[in-house]
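1. Give me coordinates for this.
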Amino acid sequence: MNAPEFYGVDEVDLGEQITLQAEQSVLGGVVGLGAVAYDLIAGILKAGSFLDRQHQEIWSAAEAAILAGEDVDAIVVMKRLEGRVEPRYINQIALACGSMHGLKVHAEIVASAAAHRRLAVAARQALGDVDALDLTIEQRLARAVGRFELVLDERVDSDPLPVESFAVEFLDELQDMADGKVELGRETGIPRLNEVLAGGWYDGGLVVLAARPSVGKSSFAQQLALNQARSGWPSAFIGMEMTQKELMRRTVANLGRVPLRGLKTGKLSADEFSRVPEAMEYLRDLPFYLDYCPGATLVQLCAKARKVVRKHGVKFLVVDYLQLMQGSNERQDRRVQLQEITRGLKQLAGQLGITIVLLSQLNRDVEKRTNPRPTLADLKECGAIEEDADIVLALWDHRKGAIDEASIKGLAAIKGRDVGQGEMALHFDGKYQRWSESTESLSNPENALLRGKPKRYPDDY
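-> Got it, this is the predicted structure:
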């Protein structure tokens, strides 16, 4: 193997020359000075950051030795590489570039060049997506957006900081909370739920709302989103089962106290009909957005979420529901697909700084028990749901009302990070799709679920 010389202007263009010389400087620092140099730049670079394949090999060998607690020099690196890189070149780098001076700046040059290359690759691949005529235009756009998102995902984490670095900010924030200057969270519109969630909704959180079919999770989630919008926080509801027209009916029924059944049939009294334009007028300035996306993939959903956050500043997003979403690879086991989706949505919530409420079904086992209160074991199909969610809320029927009666639902936080575990009763007026807190006790056996009673309307739940 011929030993490569240090790169000069005659061998590569000026941009690559600067990058390659920066790579040599960085590697010289690590090979010549060992852990002290590595610690300075390890949060900026990784093996894939280097343009030259031999530089990738040298970095990987030096990093492995340092992490194993060995003293690193050119000989140690040569031994680990076992001839994959010319020893003379390794020695040349160590002797000529083993300096701390400018090391971090040179590492940032290497990292920036790597990001530029990733962006260029993503752009070429996105251009290729344009001609993927077997896909719809929406799928092609979603795939292209996904490629650019991966460019950001390749970033190396920043270095850990000493705890004292956070002390002043922590104390100031604590004092502001004590003085009432800081809002703990965005209130849910349900006082008891605010208590359970330690103040309300927080940015970056993935909340799973789980229930059996026909219990009311879609309706309840829409109520939560409406509460946010009415408080001035832009909210969105992405449905994969109900169309925008169906969601609109429920919204008008809720805000105008207009019977949902009448909105579907047109059979409304004069008073009920007069409340429709009032609800529509209220809706005009409400920051609430509806979308229908049947069988969406994670990439498509992420693209929609980024767009609605960018255009409208959405802070609260409902996804209805997990089991209707598609994985990126249909040949994969369904559990693997769902795991990909839940983890992707958790990452998305953090990246966008929003709250995502993901609806999910429960399995049939909950219906076989005398106690209808769900547990984490009842989550359907995928253990990753409970692993990735910050909070899991479970909804169940406590008492179903007859045709013109309200129902009582149970709601429990069955998993929560930094939140209180508890349960509460909710009042559901299905006629108007309205939810509120109930004073009824869930522990009273006389109020247990009355089985066999008919649902009020087919679409109430």
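
2. Next SSE downstream of the host helix or strand of I75?
-> I75 is located in helix 74-81, with elements delineated by DSSP states H and E. Sequence order places helix 87-97 as the next helix or strand after helix 74-81, per DSSP H and E.

3. In the helix or strand just after that next one, which residues are buried?
-> Once the chain leaves helix 87-97, the next helix or strand it forms, by DSSP H and E, is helix 103-129. Residues 103-104, 106-107, 109-111, 113-114, 118, 122, 126, 129 are the ones in helix 103-129 that count as buried (16 or more other Cβ atoms under 10 Å). (Glycine included, C-beta is placed from N, CA and C.)

4. My guess is L393 contacts L209. True?
-> Yes - counting by Cβ atoms under 8 Å, L209 is a contact partner of L393 at 4.9 Å.

5. Okay, domains of this structure per the record?
-> 14-110, 185-447 (automatic domain parsing).

6. The ones you listed: which one's closest to P162?
-> domain 14-110 (13.7 Å; Cβ to Cβ).

7. and the closest one, how far from the chain's centre?
-> Centroid separation for domain 14-110 versus its chain: 35 Å, with Cα atoms, centre = their mean, to the nearest Å.

8. pLDDT on it, on average?
-> Domain 14-110 shows a mean pLDDT of 84.

9. now stretch 313-327
-> 87.

10. Helix, strand or coil: sort out the nearest residue to K267 once chain neighbours are set aside for me.
-> Distances taken as Cβ to Cβ, 6 or more residues apart in numbering put R261 closest to K267, at 7.9 Å, once the chain neighbours are dropped. In three-state terms, and counting by DSSP: H, G, I helix; E, B strand; the rest coil, R261 is helix.

11. Tell me how many other residues crowd R261.
-> 18 (other Cβ atoms under 10 Å).

12. quick one, helices of the stretch 351-461 of the chain?
-> With DSSP state H, counting those that start in this stretch as the criterion, the stretch 351-461 of the chain has helices at 384-388.

13. re earlier: contact partners of the helix holding I75?
-> With contact meaning Cβ atoms under 8 Å, 6 or more residues apart in numbering, helix 74-81 is reached by 31-32, 57-58, 61-62, 64-65, 70, 85, 87, 90-91, 93-95.

14. Quick one, which of the domains of the chain gets closest to A142.
-> Among the domains of the chain, domain 185-447 sits nearest to A142 (Cβ to Cβ), with 4.1 Å.

15. Run through the protein and note the low-pLDDT ranges.
-> In the predicted model of the chain, residues 1-12, 96-99, 152-161, 182, 328-330, 380-384, 403-404, 417-421, 444-461 satisfy pLDDT under 70.

16. Only alpha carbons, please: show stretch 393-405 as PDB.
-> Extracted in PDB, the C-alpha atoms of stretch 393-405 (Å, rounded to 0.1, in the frame of the first residue of the first chain):
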ATOM      1  CA  LEU A 393     -54.100   7.800  30.000                       C
ATOM      2  CA  ALA A 394     -56.700   5.100  29.900                       C
ATOM      3  CA  LEU A 395     -60.400   5.700  29.300                       C
ATOM      4  CA  TRP A 396     -63.200   3.400  30.100                       C
ATOM      5  CA  ASP A 397     -67.000   3.200  30.500                       C
ATOM      6  CA  HIS A 398     -68.200   3.600  34.100                       C
ATOM      7  CA  ARG A 399     -71.900   4.200  33.400                       C
ATOM      8  CA  LYS A 400     -73.600   4.400  30.000                       C
ATOM      9  CA  GLY A 401     -76.500   6.700  29.800                       C
ATOM     10  CA  ALA A 402     -79.700   6.000  27.800                       C
ATOM     11  CA  ILE A 403     -80.800   7.900  24.700                       C
ATOM     12  CA  ASP A 404     -81.000  11.300  26.300                       C
ATOM     13  CA  GLU A 405     -78.800  10.800  29.300                       C
END
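
17. Pull out the buried residues from that stretch.
-> L393, A394, L395, W396, D397, H398, R399, K400, G401.

18. nearest to L362, of those residues?
-> Among the buried residues of stretch 393-405, and counting by Cβ to Cβ, the member closest to L362 is A394, at 7.3 Å.

19. surely that closest one meets K409?
-> No - A394 is not in contact with K409 according to Cβ under 8 Å; the separation is 10.5 Å.

20. Tell me where the stretch 151-300 of the chain has strands.
-> All strands of the stretch 151-300 of the chain, identified by DSSP state E, counting those that start in this stretch, fall at 206-211, 235-239, 288-292.

21. give me the number of residues near the closest residue to T243 other than its chain neighbours?
-> Counting by Cβ to Cβ, 6+ apart, T243 lies nearest to Y292, which is 4.7 Å off, once chain neighbours are set aside. When neighbours are counted by other Cβ under 10 Å, Y292 registers 17.

22. which stretch among the strands of the stretch 151-300 of the chain comes nearest Q228?
-> Evaluated with Cβ to Cβ, these place strand 235-239 nearest to Q228, the distance being 4.3 Å.

23. ok, now which ones touch L283?
-> T251, V252, L255.

24. next one: E149
-> C302.

25. What strand or helix carries it?
-> helix 137-153.

26. in that helix, what counts as buried?
-> R140, L141, A142, R143, A144, V145, G146, R147, E149, V151.

27. can you give me the angle that helix makes with helix 103-129?
-> If you take axes from the mean of the first three to the mean of the last three Cα atoms, to 10 degrees, helix 137-153 sits at 170 degrees to helix 103-129.

28. just the CA coordinates of helix 137-153, formatted as CSV?
-> What follows is helix 137-153, C-alpha atoms only, in CSV (Å, rounded to 0.1, in the frame of the first residue of the first chain):
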residue,chain,number,x,y,z
ILE,A,137,-47.2,13.0,-5.1
GLU,A,138,-47.9,13.1,-1.4
GLN,A,139,-45.8,10.0,-0.8
ARG,A,140,-42.9,11.4,-2.8
LEU,A,141,-43.0,14.7,-1.0
ALA,A,142,-43.1,12.9,2.4
ARG,A,143,-40.1,10.7,1.4
ALA,A,144,-38.1,13.7,0.3
VAL,A,145,-38.9,15.5,3.6
GLY,A,146,-37.8,12.4,5.5
ARG,A,147,-34.5,12.4,3.8
PHE,A,148,-33.8,16.0,4.9
GLU,A,149,-34.9,15.2,8.4
LEU,A,150,-32.2,12.4,8.6
VAL,A,151,-29.6,15.1,7.9
LEU,A,152,-30.4,16.6,11.3
ASP,A,153,-30.6,13.3,13.0
